[in-house]
Every structure is written in structure tokens, then in C-alpha cells.
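**Q** No letters, just coordinates:
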């Protein structure tokens, strides 16, 4: 997973492993977690057959004025 600028905001760009698709239709709003730790890292907002885009979870939580428990 890598951070890149997409549009005007810092987004998480995700590529599936071994050319596999990471997300599919209807996955928007899904929580993205780090493999191995299950630590929340992002909120999925868009995807294609090759890339998925997520907002950083800290930005989402701040914008909504909420926190994970």
C-alpha cells in the first residue's frame, strides 16, 4: 500500500496482490484494515479492476468528529 496525491487530497492507493482486484462494486464505505494487525487504516471510497482508493481513517474520524473504540 502506498500514499499518493490523488486529486487535491492525500489518499491511500491500494493494488491487489498478484494482480487480483482488491475491491468490487458496492464496497464503498468499507473499512480498510492493515494485513496482520487488523488496524483500521482507511475508508474505501472508489475502486477499479486495478486500483482501490481510500481516505485515511484519521481524516475520516476527524471530519466526522468521532473516534474508534
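**A** Thanks, I have it. Keep in mind the model is a prediction, meaning the values are calculated, not measured.

**Q** got the residue ranges for the strands in the chain?
**A** For the chain, applying DSSP state E gives strands covering 2-6, 9-14, 31-33, 40-47, 52-56.

**Q** Out of the ones you listed, which is the most enclosed?
**A** Ranked by mean neighbour count under mean count of other CB atoms under 10 Å, the strands of the chain are led by strand 52-56, which reaches a mean of 21. C-betas here are computed from N, CA, C, even on glycine.

**Q** by contact count, what packs against that strand?
**A** Applying 3 or more CB pairs under 8 Å, 6 or more residues apart in numbering; DSSP states H and E, one finds that strand 52-56 contacts strand 9-14, strand 40-47.

**Q** averaging pLDDT over each of these, which comes out lowest?
**A** Across the helices and strands packed on strand 52-56, strand 9-14 has the smallest mean pLDDT, namely a mean of 88.

**Q** coming back round to it: reformat the helices and strands packed on strand 52-56 into JSON lines and put distance to residue 22 next to each item.
**A** Shown next, in JSON lines, are the helices and strands packed on strand 52-56 (distance: least, CB to CB, whole Å):
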{"stretch": "strand 9-14", "distance to residue 22": "5"}
{"stretch": "strand 40-47", "distance to residue 22": "7"}
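
**Q** Good, we can wrap up now.
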